[in-house]
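Q: Next input, structure requested:
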Amino acid sequence: MTSTLQPAAAPPSAVPGTPTAEVATEKSRKIALLRVLGPGHVWALGVGIVLVGEFMGWNFAVGKGGPLAALAACWLAGILYTCVAMIDSEITSTVAAAGGQYAQAKHIIGPLAAFNVGLYLVMAYTMLEVSNAIVTGDLIEAFAHSLHLEGTVDKRAFMVLTVVALAFLNYRGVLATLTLNLVITAAAFAAIVVLFVAAQPWAPGAVLQHESLLVGLPYGSLGILAAMHFGLWFYLGIEGTTQAAEEVRSPARALPLGTMTGMMTLLIAATLTWYVSTGLMPWEYLGQAVTPLYDAARLTGSRWLELFLFLGTLFATVASANGCINDASRAWFAMGRDRYMPVWFGAVHPTYRTPYRAIVFFVPIAILFAISTPLDQTITLSILSGLLGYTLMGISIVLFRRKWPLGTIARGYVHPLHPLPALLLLSLCTVTYLAVFLGYGTQLLAMMAFYIAASAWFVLHRYKYVRRGEQFTMPWPKPKGY
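A: This next block holds a predicted model:
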């Protein structure tokens, strides 16, 4: 006797083409990131991440080459990041997807480049988040010391609290997260302006002592090259505005507007910061200070100004850490959704509509680095990862213009004088690689070895899980020449 096993009938919800299946599919599509942000939120994300660079970190450039070398590095890095902002604005106004530069590289260069760019972004933002947590702990410890409360504050507890509290805020929703960033970033920028006015720049010698404190180039012209390493810290992270591409209401308008106005804000803040700090502190001290603007406020002798800059520094570090958690999680989420990383990370919270698994994943990693790694090391790791991303960005815009010339697809912004910004960007990146190698050659080689090993892992193991037919998601025509 023979019997034939018949496949079980599929339930109505699983039968393609039925109304029930279409409803189920529609429901699954609705669990996505929310488009609730405007240009102000984009500005708050970019400037919020970066403005902490005016409150700490940039001053290590003074230690590398003196105050004038730091000023030259500030302006050269300003040119580099202006190129980054213009290039980013053009590409992201067309590639409106979470992941920012990762999504750009995926569409323009290819999977291996996209995988590496995703790692660069995650490492840069996570190490910047760690740096902010460290500075928050050091700042609170310094403030307690000024109140003669030595020994009553454990800065490591505040490092952990910063990471956990901001991760929880990001978990609960992007609108509240970036609205908070908008408020506290504006307050931190106001603190820089107030300090500048309180220093009475119109009356040289009254408060600012540039005549006696400002020296030339103690290490010669080589100091300018060395200072480029930390000169990037004035602006590192402005490219993070692109991570909001899938959550803004009008990407073609909001992303270029928020990014470019953010870059203008940072150029002003960086110049004011350098001017006040070099007029109040000897360069030898300034070059190794942890919280230079707070120290500058203390040196004015004004108690209210000291308190204001304490709050400004605290707001800047919190805003930066907050934005970094947002950006690192979006890049990791996008990689998980595309199967470049385990698809488990590509989940969206059904209530809060945030990439909650990606947010939670980095909490213990950030805490571990914060309590165990020196500040200059975490800054260097962030700078190196960002620098690698900028190098590929210069290549991306050249390929983008070649494959999709002007007029073939709609652009919300067109950066001028192409290919000059790309060439400037690549040239300044090369100079900065050399500057980093001079001071942190071991870290540079170790980072390169890590990314090479990660690339090998992706090619030999992870790439087989990637759905190649689903990578190109933009409704563009075929590239020129294909």
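Q: C-alpha from now on. contacts and neighbour counts both.
A: Noted.
Q: And for I395, the neighbour number?
A: Residues lying near I395 (other CA atoms under 10 Å) number 17.
Q: cool, T442 as well?
A: 12.
Q: Tell me, what's the model's pLDDT at it?
A: Per-residue confidence (pLDDT) for T442: 91.
Q: do the same with the one 3 residues further on
A: On pLDDT, L445 comes in at 93.
Q: Quick check: E141 vs I87, distance?
A: For E141, the distance to I87 (CA to CA, to the nearest Å) stands at 41 Å.
Q: can you check L311 too?
A: Distance from L311 to I87, by CA to CA: 34 Å.
Q: Those two - which one has more neighbours?
A: I87 (26 against 18).
Q: got the contact list for that one?
A: Residues in contact with I87 (CA atoms under 8 Å, 6 or more residues apart in numbering) are M393, G394, I397, H415, P421, A422.
Q: Apply the buried test to those and list what passes.
A: For the contacts of I87, a burial check counting by 16 or more other CA atoms under 10 Å picks out M393, G394, I397, H415, P421, A422.
Q: pLDDT (mean, whole number) over stretch 459-471?
A: 89.
Q: Thought V36 was touching S250, still the case?
A: No: here S250 does not reach V36: they are 9.5 Å apart, not a contact under CA atoms under 8 Å.
Q: Looking at those two, which one has more neighbours?
A: Counted by other CA under 10 Å, S250 and V36 do not tie: S250 has more neighbours, with 18 against 13.
Q: how many neighbours does the residue lying closest to T300 once chain neighbours are set aside have?
A: Leaving aside its chain neighbours, T300 sits nearest to V207 (7.0 Å; criterion: CA to CA, 6 or more residues apart in numbering). When neighbours are counted by other CA under 10 Å, V207 registers 17.
Q: where does V207 land in three-state SS?
A: Using DSSP: H, G, I helix; E, B strand; the rest coil, the structure places V207 in coil.
Q: I figured it hits V197, correct?
A: No: counting by CA under 8 Å, V197 is not a contact partner of V207; they are 10.7 Å apart.
Q: Including pLDDT, could the buried ones among the contacts of I87 go into a markdown table?
A: Supplementary listing: the buried ones among the contacts of I87 in a markdown table, determined by pLDDT from 0 to 100:
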| residue | pLDDT |
| --- | --- |
| M393 | 95 |
| G394 | 95 |
| I397 | 96 |
| H415 | 93 |
| P421 | 96 |
| A422 | 97 |
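Q: List the ones among those that fall in helices.
A: Using DSSP state H, the subset of the buried ones among the contacts of I87 located in helices is M393, G394, I397, P421, A422.
Q: Hmm, the third one is touching L420, no?
A: No: I397 is not in contact with L420 according to CA under 8 Å; the separation is 11.0 Å.
Q: Okay, now the unreliable bits of this protein?
A: When residues are selected by pLDDT under 70, those of the chain lie in 1-30, 151.
Q: Let's test this: what are the backbone torsions at the most centrally placed residue in it?
A: Residue closest to the average C-alpha location in the chain (CA atoms, centre = their mean): G237, at 2.9 Å. Backbone torsions of G237, given as degrees, to the nearest 10, read phi 120, psi -10.
Q: Repeat that for G287.
A: Dihedral angles (degrees, to the nearest 10) for G287: phi -70, psi -10.
Q: Let me know whether it touches K64 as I believe.
A: Yes: G287 is within contact range of K64, at 7.4 Å (criterion: CA under 8 Å).
Q: So which of those two has more stuff around it?
A: Taking other CA under 10 Å, G287 and K64 do not tie; K64 has more neighbours (26 against 22).
Q: Excluding chain neighbours, what is closest to that one?
A: A227 (5.3 Å).
Q: likewise A358?
A: S329 (4.9 Å).
Q: ok, now how distant is that neighbour from M123?
A: From S329 to M123 the distance is 11 Å (CA to CA).
Q: between the two, which one's more packed in?
A: Comparing S329 with M123 by other CA under 10 Å, the one with more neighbours is S329, at 32 against 20.
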